[in-house]
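Engineer: Here's my sequence, what's the structure:
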Amino acid sequence: MGFDYKNELTENLDKLHTTPMGVERIRRNLSLGTDVDDVVTWCRTKIDSAKANITRQGKNWYVKIAGCIITVNAYSYTIITAHKEK
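Structural biologist: So this is what the prediction gives:
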């Protein structure tokens with residue numbers, strides 16, 4: 001039976017975090033602006049959505065949802081970046 005990455009990531013949403021530079025990068029890449037107070041909470045909500053398509057490649061998870069891709073380190077649960085889907 002395959003390993004369920006979605007459960008592993010979603011079960012550890014409380015560990016999700018990013019750096020101050022990560023916050024700015026995500027905000028800029030997704031054009032979030034000032035209407036989103038907490039970028040980590042915004043990402044956590046997206047990742048926890050039933051519509052999230054979560055895959056793991058090597059050391060990172062890639063979460064595709066609502067036209068964007070969120071990249072999360074699989075070991076530290078650091079949100080590395082997020083960008084609009086091309």
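Engineer: The most centrally placed residue in the chain: helix or strand, and which one exactly?
Structural biologist: The centre of the chain sits closest to I70, judged by CA atoms, centre = their mean, with a distance of 3.8 Å. Element membership for I70, per DSSP states H and E: strand 68-73.
Engineer: follow-up on the earlier one: list the beta-bridge partners for the residue nearest to the centre of the chain.
Structural biologist: Beta-bridge partners of I70, counted by DSSP bridges, are V63, A82.
Engineer: Give me the packing partners of the strand holding I70, helices and strands only.
Structural biologist: For strand 68-73, the elements it packs on are helix 39-47, strand 60-65, strand 79-84, judged by 3 or more CB pairs under 8 Å, 6 or more residues apart in numbering; DSSP states H and E. For glycine as for every other residue, the C-beta is placed from the backbone atoms N, C-alpha and C.
Engineer: so who does the residue nearest to the centre of the chain touch?
Structural biologist: C43, K46, I47, Y62, V63, I79, T81, A82 (CB atoms under 8 Å, 6 or more residues apart in numbering).
Engineer: in stretch 61-68, what's buried?
Structural biologist: For stretch 61-68, burial by neighbour count (16 or more other CB atoms under 10 Å) applies to W61, V63, I65, C68.
Engineer: Quick check: mean pLDDT of it?
Structural biologist: The average of the pLDDT scores along stretch 61-68 is 95.
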